[in-house]
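> Please find the sequence and the predicted model below.
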Amino acid sequence: MVPSSSSKRPCSSVVEHSPCKRAVKGSNPFGGSPCEGSVNLSIYIERFFTMQNIDEFYSTNSSKNWEKVLGDKMHYHFGLFEDELDPFDNAILEISQFIENNSKVLDCGCGWGGPARYLIKNKQCDVTGVTISKSQHDYVNDFRVFNQDLHNFIPDQHYDSAIFVESYCHLSDPEKVFRNLNKQVDNIIIKDYNLPKTEEVKKWGMIIRSENDVKEQLKNCGYEVKFYKKYKKEVTYDSVFLSTKYWLSNIQKLPTKDLNGQISILKDLCVIVQNYKKIGFDLFLLHAQKSDKFF
């Protein structure tokens with residue numbers, strides 16, 4: 001069962017950073033003592049990730065085990081716990097306000113297909129996905145998917161919109177991707193993470209960028225930002241805390257032999273989130289439109 005916004009959690013809002021008041025029960029896999037203050041998750045994520053091949057990272061665990069962890073809809077992104085709707089669907093509902101019914105959508109970093117299926121079902125969209133993971137590519141059989149690195153992907157047809165659902169942070173060169181999309185894609189919609197200052201998390205293959213850097217990259221590639229929303233701290237906290245709580249509850253039901261690969265990494269990250277009360281980044285939603293003045 002997916003947790004609702006009323007699910008029990010340690011606190012109802014984000015707490016300010018404070019010195020360690022007491023040790024959280026359980027071992028800290030990184031050494032030192034965890035505390036009730038804030039945690040910069042990117043630091044911990046960097047220490048966890050050791051696989052250099054991204055395809056291997058996503059392909060170690062079977063799709064059946066991912067279904068057990070993520071649920072039947074296979075959303076692999078944080079949910080939005082603001083009402084009684086399925087929180088993972090709700091996150092894509094937020095994105096869909098910028099997507100017309102019956103439009104053509106390119107899902108950049110489509111994962112296991114959760115967001116695409118939502119748009120196909122609820123907006124009657126014609127969706128094409130791109131993923132670097134062969135196992136994700138092979139899993140999806142209900143819409144067209146390219147198994148390709150986004151940096152080398154050049155669309156072969158026109159799309160009304162391209163969406164990046166927590167995949168933008170995995171781009172090492174977003175401007176190359178945006179320029180490749182520009183001639184065929186009218187709108188770009190991004191749901192991702194911000195930090196006050198852009199920070200590279202090498203071992204995760206992530207760069208968490210500042211708001212200014214995100215907007216500047218789009219501007220340099222001919223896209224004008226029309227909408228930008230930084231979620232409130234308490235919304236971000238609930239999104240991260242309750243999503244990881246749900247995933248962790250499912251992971252704990254798996255047999256020990258299946259706790260390897262990325263699922264093992266995800267488990268440890270979920271445990272960390274449950275032990276801390278502040279998230280070190282912001283969630284944001286952005287819509288940018290192609291500018292006719294660029295080319």
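Received the coordinates, thanks. Numbers count the residues shown, from 1 in each chain.
> Which residue comes closest to Arg144 once chain neighbours are left out?
Nearest in space to Arg144, with sequence neighbours left out and distances taken as CB to CB, 6 or more residues apart in numbering, is Thr128 at 4.7 Å. Where C-beta positions appear, they are placed from N, C-alpha and C, glycine not excepted.
> cool, Tyr168 as well?
Residue nearest to Tyr168 in three dimensions, not counting chain neighbours: Asp192, with 4.5 Å by CB to CB, 6+ apart.
> again with Cys169
Closest residue in space to Cys169, ignoring its immediate chain neighbours: Met206 at 4.7 Å, by CB to CB, 6+ apart.
> coming back round to it: hang on, the residue nearest to Tyr168 is in a strand, isn't it?
Yes. Secondary structure of Asp192 (DSSP: H, G, I helix; E, B strand; the rest coil): part of a strand.
> Could you state which residue of this structure sits nearest its centroid?
The residue lying closest to the centre of the chain (CA atoms, centre = their mean) is Glu166, at 2.7 Å.
> what about the strands in the stretch 151-295 of the chain?
Applying DSSP state E, counting those that start in this stretch to the stretch 151-295 of the chain gives strands spanning 159-165, 185-194, 199-201, 206-208, 223-230, 278-279, 282-290.
> looking at those strands, which is closest to Ser59?
Nearest to Ser59 among those is strand 206-208 (18.4 Å), distances taken as CB to CB.
> so Asp83 makes contact with Asn90?
Yes. Counting by CB atoms under 8 Å, Asn90 is a contact partner of Asp83 at 6.9 Å.
> quick revisit: wait, the residue nearest to the centre of the chain touches Phe78, no?
Yes. Here Glu166 reaches Phe78: they are 7.1 Å apart, a contact under CB under 8 Å.
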